[in-house]
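S.K.: this one's structure only:
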């Protein structure tokens, strides 16, 4: 679990470029060795797909280092950190890769080193670009884009991390309102089969998946408390079945998309729509009411909301109500059933189901964790 947490944090770094000190501090608190480190980006020979077995052999050949296997833009990356202080990582990694290259298990590779962990993302990107240039100049006809294949093919040939990286990128590029949830459920059921339905291993792997797509969607310098790794892990921990786990991750994705939406500049009408919904979400609000207030046709407004945000009016309204409910749940003077009507739900059952899907736990469980 500890290595998985480090891997999640490294994925946050890998998409952050020059990372804030907070990212680095968390990694060191998790026990990541300090000092110089190195990364290797590799290209495998045609027909060789089992990247994880190559990495396992490299780890064994290189010796006293801590390794983390990652993916960046579809390229395998191995990060190497010294267990013994001041032991040069790059030299040990280079020697191990040289032997594998001579044996025909690697086609090409790039090794880079640094001593500032805050530059980890930049170093990985530089490694990928240098390897692509090396491949191009040695073989200008080669196609450097990631190949597409169906999920069954990916499961057979890719490592778990490679598969999750592809799906995270796919998820971060979607604008449709329904397809992301379908993709998330599909990925989590695939993870469950991979992990032979061991719910603990499924939780850990799903946490990695969530950290990967969140880091790609939110991007550097935009850290959000509810989407921090420790909050994600706490939210997913203890969910005892795959269906509820998938619903919770769908809720995380919705939060993530909302945050990303707030970072872009919407047309003035959509900005006015968001302000009105935030102010009146706890009332008996309908799309027709909002359209009349904004002096536009309701069908036009509905289409514009979907086009600009990728979400429906109902989805946005429910999220605002549930975020307000979270604030009320933090105050023990409010009865949970009363909160459901205070935030605009006519039925406690409807509120309970919506909240559990959005937050990954029941209102009672959420309040209990807050007040511990």
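M.R.: Here it is on my side, so go on. In this text, all values refer to a predicted model and were calculated from it rather than measured experimentally.
S.K.: Endpoints of stretch 231-246, how far apart?
M.R.: Start-to-end span of stretch 231-246 (Cα to Cα, to the nearest Å) is 16 Å.
S.K.: in it, what's buried?
M.R.: Buried residues in stretch 231-246, defined by neighbour count with 16 or more other Cβ atoms under 10 Å: 232-233, 235-236, 239, 242, 245-246. Backbone N, C-alpha and C define where each C-beta goes, glycine included.
S.K.: which other residues reach it?
M.R.: 5, 184-185, 188-189, 192, 197, 199, 202-203, 206-207, 210-211, 214, 225, 248-249, 252, 359-361, 369 (Cβ atoms under 8 Å, 6 or more residues apart in numbering).
S.K.: again, only using 6 Å
M.R.: 185, 188, 192, 203, 206-207, 210, 248, 360 (Cβ atoms under 6 Å, 6 or more residues apart in numbering).
S.K.: can I get those in TSV with distance to residue 297?
M.R.: As requested, these are exported to TSV (distance: Cβ to Cβ, whole Å):
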residue	distance to residue 297
185	35
188	40
192	45
203	46
206	42
207	44
210	39
248	37
360	37
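S.K.: Confirm that residue 38 sits in a strand.
M.R.: Yes - counting by DSSP: H, G, I helix; E, B strand; the rest coil, residue 38 is found in a strand.
S.K.: Let me know how buried it is, in neighbour terms.
M.R.: 24 (other Cβ atoms under 10 Å).
S.K.: what sits against it?
M.R.: 80, 89-90, 93, 111, 113.
S.K.: go on, residue 108?
M.R.: 43, 134.
S.K.: Could you list everything it pairs with in the sheet?
M.R.: With DSSP bridges as the criterion, residue 108 is bridged to residue 43.
S.K.: From residue 79, how far out is the closest residue to residue 36 other than its chain neighbours?
M.R.: Excluding the flanking residues, the one nearest residue 36 by Cβ to Cβ, 6 or more residues apart in numbering is residue 115, at 4.6 Å. Distance, residue 115 to residue 79, using Cβ to Cβ, to the nearest Å: 14 Å.
S.K.: neighbour count winner among these two?
M.R.: residue 79 (25 against 10).
S.K.: Could you double-check that the more buried one sits in contact with residue 39?
M.R.: Yes - at 5.2 Å, residue 79 counts as touching residue 39 under the criterion of Cβ atoms under 6 Å.
S.K.: Who are the contact partners of residue 294?
M.R.: Contact analysis of residue 294 by Cβ under 6 Å, 6+ apart lists residue 272.
S.K.: does residue 359 really touch residue 366, like I thought?
M.R.: Yes - contact criterion Cβ under 6 Å: residue 359 and residue 366 qualify, at 5.5 Å.
S.K.: Let me see the ranges of the helices in the stretch 201-350 of the chain.
M.R.: Under the criterion DSSP state H, counting those that start in this stretch, helices of the stretch 201-350 of the chain are mapped to 229-236, 242-263, 268-280, 287-294, 298-309, 313-329, 336-342, 348-359.
S.K.: no, scratch that, I was asking about the stretch 51-200 of the chain
M.R.: 51-62, 89-102, 120-138, 151-157, 160-172, 179-194, 199-218.
S.K.: could you redo the ones you listed as TSV and give each row distance to residue 294 and mean neighbour count?
M.R.: Output for the helices of the stretch 51-200 of the chain, formatted as TSV (distance: least, Cβ to Cβ, whole Å; neighbours: other Cβ atoms under 10 Å):
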stretch	distance to residue 294	mean neighbour count
helix 51-62	53	17
helix 89-102	58	17
helix 120-138	41	17
helix 151-157	42	12
helix 160-172	31	21
helix 179-194	28	18
helix 199-218	28	22
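S.K.: and of those, who's closest to residue 290?
M.R.: Nearest to residue 290 among the helices of the stretch 51-200 of the chain is helix 179-194 (24.6 Å), distances taken as Cβ to Cβ.
S.K.: Please list the outside residues in contact with that closest one.
M.R.: 167, 171, 174, 202, 205-206, 242, 246, 249-250, 253.
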